[in-house]
Every structure is written in structure tokens, then in C-alpha cells.
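S.K.: Fold the following and give me the result.
(chains A and B)
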Amino acid sequence: GAGVSQTPSNKVTEKGKYVELRCDPISGHTALYWYRQSLGQGPEFLIYFQGTGAADDSGLPNDRFFAVRPEGSVSTLKIQRTERGDSAVYLCASSLTVNTGELFFGEGSRLTVL
Amino acid sequence: AQKITQTQPGMFVQEKEAVTLDCTYDTSDPSYGLFWYKQPSSGEMIFLIYQGSYDQQNATEGRYSLNFQKARKSANLVISASQLGDSAMYFCAMRDALNFGNEKLTFGTGTRLTIIP
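M.R.: Residues are numbered from 1 along each chain as shown, chains lettered A, B, ... in the order given. This next block holds a predicted model:
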């Protein structure tokens, strides 16, 4: 497809488990973002990649959260030792150039930690 | 620190009427950007419109316009001739100058708009 693809769309896991969420951005988009949206809230910034490197990871809540983008395209958000408070929709977005404000978002991965 | 406030949790509007969604912001930075995004039930965020703090004119994109009042620190979204497909969550967001080159946006809590046939 032409848009940002996120998998899985839904993930239910137990507290303490490890989770990976994948994002496939629009082809050619060099910038990639992860946001987290809790129920009833707006998205909150987690991390930003420009190419393969994390240019800004100041939004990651703690060291249980980690993200990679090894080849400058697909990105994986990794959450270790999940907690119930990690339950949210994780949104990925990409853009062709920075400074435009126009991010293209995927439909998100809904994570539920029991 | 930046803050975006959207005071209308929900709005109901008759089809074909115009609607204004409120947004106020707080920042100490003289240079910033303001955005509106639409989130339908599918979940993806759709970019609608952008206004730079130094732009002299209010931004417009088709049926969307941004009523930018800098002194009041408000950036209301106006949708003209509303359609049933406009029913969605609407988020106001801001990026400050420190983040130019990084679309690190601060979002408000959103307004759920429902268009009534």
C-alpha cells in the first residue's frame, strides 16, 4: 500500500512480557516518528528518526522502551517487561522532509497489557 | 513548556453549517508552528492545516481555515459547509522553534465533532 503500515493492529499481552511493534513508512520518507496515544488524550511524542539514527528520543518514558531503524526504512518499537500503564495506541508517522508539519500517520497498534 | 488547550470535548453540528473548534496555546517562544489534525474512527491522524507564527495571513485549505489570533494565543479551526464525513476527533498541535527540523508536536486533548444529518 501507499500509506504508513503498522503491525500488529492489536496486541494483547500479559504484564512482564516483551512486545515489538513494527512500522513500515511511506517509501522514500526519511523521517520517522513514534507517538503514544492514551485513552482520551492526544498523541505524545516518543522518538524521532532521521535516516537510521534516533535524532531525538527524549519522549521515551524509561529504559524499558527502545526503538530501532537499522536500514533507514522499517522501524521497530520494543517494550520490555510491559506494565499495565503501557496500554495505549502506538502511532507511527513518516514525512518526506522535515519542517513541513505534514506527518503521514499509520492507523496505530493498540497495545493492551493485562 | 508548551501547552495546547482544547476546551470543547464534544460538539454536535447540523450538516452544511459552519463549525469553529477552539484551540489556545501557551509558549514563551516567539517562533512556533500550529497544526490541526483529524482522527477518524480508523485511528490514523490526517493533517489538515498549518499556521506559522510569523505568517501574516490566516491559513486556508479548501473548507478549512485557521483563525489565528496571536495576541490571544488562539488558533481556532473553522470548517465551512460541514459534511457527514467531517465527523471525527480533531486535534490542535504545536511545534516550537527548538524543534524546527523535528516534527516533535505537542497535541491537545482533542474535540469530538459529530455532524448531524
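S.K.: Run through chain A and note the low-pLDDT ranges.
M.R.: Within chain A, the ranges that satisfy pLDDT under 70 run A:1, A:97-101.
S.K.: Where does the closest residue to chain B within it sit, in terms of helix or strand?
M.R.: At 3.0 Å from chain B, A:Gly42 is the closest residue in chain A, using CB to the nearest CB. Bear in mind the C-beta positions are built from the backbone N, C-alpha and C, glycine included. Per DSSP states H and E: A:Gly42 is located in neither a helix nor a strand.
S.K.: Correct me if wrong: it contacts B:Tyr90.
M.R.: No. Taking contacts as CB atoms under 8 Å, A:Gly42 lies outside contact range of B:Tyr90: 10.3 Å.
S.K.: Which residues of chain A lie near chain B?
M.R.: A:3-4, A:31, A:33, A:40-45, A:48, A:55-56, A:58-59, A:89, A:91, A:93, A:95, A:98-108 (CB under 8 Å from any CB of the partner chain).
S.K.: Please indicate which of the residues you listed are buried?
M.R.: Among the residues of chain A next to chain B, the ones that count as buried by 16 or more other CB atoms under 10 Å in any protein chain shown are A:4, A:31, A:33, A:42-45, A:48, A:56, A:59, A:89, A:91, A:93, A:95, A:98, A:101-108.
S.K.: Now, the residues you listed that are in strands?
M.R.: Secondary structure defined by DSSP state E assigns A:Ala31, A:Tyr33, A:Glu44, A:Phe45, A:Tyr48, A:Asp56, A:Val89, A:Leu91, A:Ala93, A:Ser95, A:Phe104, A:Phe105 of those to strands.
S.K.: and which of these is nearest to A:Val68?
M.R.: Using CB to CB, A:Tyr48 comes nearest to A:Val68 of those, at 13.3 Å.
S.K.: how close does the closest residue to that closest one other than its chain neighbours sit to B:Ser42?
M.R.: Nearest residue to A:Tyr48, sequence neighbours excluded (CB to CB, 6 or more residues apart in numbering or on different chains): A:Asp56, at 4.4 Å. To B:Ser42, A:Asp56 is 28 Å away according to CB to CB, to the nearest Å.
S.K.: show me what contacts the one residue in chain B that gets nearest to chain A?
M.R.: At 3.0 Å from chain A, B:Phe107 is the closest residue in chain B, using CB to the nearest CB. Residues in contact with B:Phe107 (CB atoms under 8 Å, 6 or more residues apart in numbering or on different chains) are A:Gln41, A:Gly42, A:Pro43, A:Glu44, B:Ile4, B:Tyr37, B:Phe91, B:Cys92, B:Ala93.
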